[in-house]
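Chemist: Pasted the sequence and its predicted model underneath.
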Amino acid sequence: MLDAARDLILAEGPRGTTVEAIAKASGAPTGTIYHRFGSRDELIAKAWVRAVKRSQVAFADATIAEDPYEAAVGAGLALIEFCREHPEDGRMLVSHSSSELIGARVSADLVGSRLSAELRAELEELNRPVERVVVNLSRRLYGSASRANVERVMLAVFDLPYGALKRHLDVGRHPPADLGKRLARGIRAVL
């Protein structure tokens, strides 16, 4: 059901991703979808969370290199590798914001949303693993996690790769084969 929701988001956009369309695409009865997820918004949010968590694992795992610069480059390149291994999840993450998909920003705005309290709490904490990795990389690279250092690392390992992939994935193209090499040079230059 999560795969069907993701695939519909990519093909039809969030508005075209109805429970009926998900049921048809997944082969699951609509009653089963409502029983398992409670609502369309909950199902879409869970598909989003699954993709984010998958990408975060790849991001964190890429930082194991002893040399902090190589760890940072690995983290930056992890998004490209994630998008190659999980192209649909990658495209959903790069092409659609959480607010576009679930109708509320991942912040206090979720309090009034139709999502369960458990899912709202999960969404509130969703980016903490990436934040911890970036802070750790900042300390390893520069000896401190000052705001300026964290911002520089975030630009290098997240913003730059995300932007480089977005323009290709938004239009359904695979990233160029040499994007990783070019991106690695850019990440090193920013760091």
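Modeler: Cool, got the structure.
Chemist: The residue nearest to residue 96 when sequence neighbours are not counted: what's it in contact with?
Modeler: Once flanking residues are discounted, residue 96 sits nearest to residue 9: 6.3 Å by Cβ to Cβ, 6 or more residues apart in numbering. C-beta: built from backbone N, CA, C; applies to glycine. By Cβ atoms under 8 Å, 6 or more residues apart in numbering, residue 9 lies in contact with 17, 44, 47, 92, 96, 101.
Chemist: SS state for residue 9?
Modeler: Judged by DSSP: H, G, I helix; E, B strand; the rest coil, the three-state class of residue 9 is helix.
Chemist: one step back: can the contacts of residue 9 go into a markdown table with extra columns for neighbour count, secondary structure and distance to residue 132?
Modeler: Listed next are these as a markdown table, based on neighbours: other Cβ atoms under 10 Å; DSSP: H, G, I helix; E, B strand; the rest coil; distance: Cβ to Cβ, whole Å:
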| residue | neighbour count | secondary structure | distance to residue 132 |
| --- | --- | --- | --- |
| 17 | 23 | coil | 32 |
| 44 | 26 | helix | 26 |
| 47 | 26 | helix | 24 |
| 92 | 23 | helix | 24 |
| 96 | 20 | coil | 25 |
| 101 | 20 | helix | 24 |
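Chemist: And those residues, which is closest to residue 55?
Modeler: Residue 55 has its nearest neighbour among the contacts of residue 9 in residue 92, at 10.2 Å by Cβ to Cβ.
Chemist: wait, doesn't residue 96 sit right on residue 14?
Modeler: Yes: look at residue 96 against residue 14 with Cβ atoms under 8 Å: they come within range, at 6.8 Å.
Chemist: Show me where the protein has its strands.
Modeler: Counting by DSSP state E, the chain yields no residue ranges for strands.
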